[in-house]
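Peer 1: Here is a sequence with its predicted model. Questions after.
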Amino acid sequence: MQITQTNIPEVLVIEPRVFPDERGFFLESFNQKAFDEAVGKHYSFVQDNHSSSTTNILRGLHYQIENAQGKLVRAVVGSIYDVAVDIRKGSPTFGKSAGKILSAENKKQLWIPPGFAHGFYVLSEVADVLYKATDFYSPTHERSIVWNAPELKIGWPTAGKTPIVSGKDAEGDTLSTADLFDYAAFAPERKAETGTDT
């Protein structure tokens, strides 16, 4: 697999090696050893999630203030613009976001470590998104930051359309009112040795 850093060094783009032939293709979507080497730490994934959404749906920005989840995200149908936001107070990249297009065609994945909020916007007619999580879903600890929080300045590729969001997401916090993480609890042990995807 090829590992590339985003503008936030801990958020990584993972591209599996694809073996196409006349029957279709084969790829290894996850390898624990290679993943651990890429992120510089061992994470155990305890839950796999699958969401299906139609065009112009925006989900997020979600996180759990306790039982914080790292997420490994990919689109297996359609395409999405996937976003990670650093909400670790004291982090050098606090309040910044990293966004990448993930699609069934490009087969890229985005690693979003614990300590980040996550959301995505659907670019295709339909998108099926799979993601692995490092901790279990905990409804009492679930939090949401509104997708268009002014402090974040996320460049969502909505082409001027107003995204469709859930009632809960529409009432999400801004960065200044949200429950946040402490950087010391989620600082990287070392930076992954990768290329840079700016």
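Peer 2: Good, I have the coordinates.

Peer 1: isn't G155 right up against G99?
Peer 2: Yes: with contact defined as CB atoms under 8 Å, G155 counts as touching G99 (6.9 Å). C-beta: built from backbone N, CA, C; applies to glycine.

Peer 1: the more surrounded of the two?
Peer 2: G99 (21 against 10; other CB atoms under 10 Å).

Peer 1: For A38, identify the helix or strand it belongs to.
Peer 2: helix 32-39 (DSSP states H and E).

Peer 1: tell me the contacts of D179?
Peer 2: 65, 143, 173 (CB atoms under 8 Å, 6 or more residues apart in numbering).

Peer 1: where does the first one sit relative to A184, distance-wise?
Peer 2: So the one you mean is I65. Shown here: I65 relative to A184, a distance of 15 Å by CB to CB, to the nearest Å.

Peer 1: So those two - more neighbours on which side?
Peer 2: Neighbours per residue, other CB under 10 Å: of I65 and A184, the larger number sits with I65, 15 against 10.

Peer 1: Leaving out sequence neighbours, find the closest residue to that one.
Peer 2: Excluding the flanking residues, the one nearest I65 by CB to CB, 6 or more residues apart in numbering is D179, at 4.6 Å.

Peer 1: Let me know the secondary structure of that neighbour.
Peer 2: Classification of D179 using DSSP: H, G, I helix; E, B strand; the rest coil returns coil.

Peer 1: Tell me the bridge partners for I14.
Peer 2: Counting by DSSP bridges, I14 is bridged to I3, Q109.

Peer 1: Does it touch Q2 like I think?
Peer 2: Yes: with contacts counted by CB under 8 Å, I14 reaches Q2, the gap being 7.5 Å.

Peer 1: the more surrounded of the two?
Peer 2: I14 (24 against 12).

Peer 1: Next, count neighbours for H50.
Peer 2: Other residues near H50 come to 9 when the count uses other CB under 10 Å.

Peer 1: Next, it: phi, psi?
Peer 2: Here is the backbone geometry of H50 (degrees, to the nearest 10): phi -140, psi 120.

Peer 1: Check A185 too.
Peer 2: phi -80, psi -20.
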